[in-house]
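> Structure for this input, please:
(chains A and B)
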Amino acid sequence: DAGVTQSPTHLIKTRGQQVTLRCSPKSGHDTVSWYQQALGQGPQFIFQYYEEEERQRGNFPDRFSGHQFPNYSSELNVNALLLGDSALYLCASSLGDRGPATEAFFGQGTRLTVV
Amino acid sequence: AQSVTQPDIHITVSEGASLELRCNYSYGATPYLFWYVQSPGQGLQLLLKYFSGDTLVQGIKGFEAEFKRSQSSFNLRKPSVHWSDAAEYFCAVGDLYNFNKFYFGSGTKLNVKP
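Residues are numbered from 1 along each chain as shown, chains lettered A, B, ... in the order given. Just a heads-up that it's a prediction; the model follows:
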């Protein structure tokens, strides 16, 4: 089992550009959540996808959007990049609707640097 | 809204010494509590979790945590630290309505002296 895989591992973009990050969940998992971890901070919830629908969204602007595919993999898109978007972006996969016993598995993250 | 506070940004302990990392949560109901570890350049690995029952929970790598409702705390402990424990540790609380959503503290970075 490959666990949660994210690509790319590192990315450098210029302000104003757009970026797409990808996540493949752990085998059998149907729920994907995205988190932003700024330097020196804990992860902040961006949004969550379940059955190809955005299930819940955190306090992030509309520049942040996502998608989940039928195979449960997911993309995070960020438009009009700002310097403040520089962070480690983490993907977490889990089984939806399994109650509090659900365990989330995190990928290694994508380090995005905006210059 | 749920929130988590980790009051210690950095902690340094000697190898073989005991460790306690503090975590306080703000939540009205019985919380779902977690400790994660993050090594440099890595994602988050679950150390242990608390949902209900025995307030002392055992995790991987010799870690344990104790839930104290009266103090709104969930401190992480290890009796004897190894150099490989150097990492950043995050306390998290699960969302009441969305079990797949977590609120994280800002983390405690652990350094281990030889």
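> Please report the distance of the residue of chain B found nearest chain A from A:A92.
In chain B, the residue found nearest to chain A is B:F104; the distance is 3.4 Å by Cβ to the nearest Cβ. C-betas here are computed from N, CA, C, even on glycine. Note on B:F104: its distance to A:A92, by Cβ to Cβ, to the nearest Å, is 11 Å.
> what touches both of those two?
The contact sets of B:F104 and A:A92 overlap at A:Y35 (Cβ atoms under 8 Å, 6 or more residues apart in numbering or on different chains).
> Out of these two, name the residue with the larger neighbour count.
Applying other Cβ atoms under 10 Å in any protein chain shown to B:F104 and A:A92 shows that A:A92 carries more neighbours, namely 27 against 22.
> in a helix, that's where that one is, yeah?
No. A:A92: not assigned to a helix; according to DSSP: H, G, I helix; E, B strand; the rest coil it is strand.
> Can you name the residues bridging to it?
For A:A92, the beta-bridge partners under DSSP bridges are A:S33, A:F106.
> repeat for B:F74
Note on B:F74: beta-bridge partners by DSSP bridges are B:F67.
> Show me where chain A dips below the pLDDT cut-off.
A:1, A:101 (pLDDT under 70).
> separation between the spatially most central residue of chain A and chain B?
Nearest to the geometric centre of chain A sits A:W34, at 2.9 Å (Cα atoms, centre = their mean). Remark: distance between A:W34 and chain B (Cβ to the nearest Cβ, to the nearest Å) = 11 Å.
> mind checking which helix or strand the nearest residue to that residue once chain neighbours are set aside is in?
Nearest non-adjacent residue to A:W34, counting by Cβ to Cβ, 6 or more residues apart in numbering or on different chains: A:I46, 4.3 Å away. Using DSSP states H and E, A:I46 maps to strand A:44-50.
> give the contact list for the residue nearest to A:W34.
A:33-36, A:57-58, A:60, A:64, A:66, A:76.
> 10 Å instead, please
A:33-36, A:56-60, A:64-66, A:76, A:78, A:89-91 (Cβ atoms under 10 Å, 6 or more residues apart in numbering or on different chains).
> Now list the buried members of those.
A:33-36, A:56, A:58, A:60, A:64-66, A:76, A:78, A:89-91 (16 or more other Cβ atoms under 10 Å in any protein chain shown).
> Beyond the strand holding A:I46, next helix or strand please.
Next in sequence after strand A:44-50, counting helices and strands by DSSP H and E, comes strand A:53-57.
> what about the next helix or strand after that next one, near chain B?
Note on strand A:53-57: by DSSP H and E, the next helix or strand toward the C-terminus is strand A:64-68. No. Between strand A:64-68 and chain B, judged by Cβ under 10 Å from any Cβ of the partner chain, nothing touches; the nearest distance is 13.0 Å.
> Neighbouring strands - and their directions - for strand A:64-68?
Strand pairing (DSSP bridges) places strand A:64-68 next to strand A:74-78 (antiparallel).
> Test my guess that B:F102 contacts B:V93.
Yes. Taking Cβ atoms under 10 Å as the definition, B:F102 is a contact partner of B:V93 at 7.0 Å.
> For these two, list the residues in contact with both.
With Cβ under 10 Å, 6+ apart as the test, B:F102 and B:V93 both reach B:2, B:4, B:32, B:34.
> ok, back up a step: state the distance from the residue nearest to A:W34 to chain B.
A:I46 is 11 Å from chain B, by Cβ to the nearest Cβ.
> Isn't A:H29 up against A:F106?
No. Contact criterion Cβ under 10 Å: A:H29 and A:F106 do not qualify, at 11.7 Å.
> And those two? Which one has more around it.
Under the criterion of other Cβ under 10 Å, the comparison of A:H29 against A:F106 puts A:F106 first, with 24 against 20.
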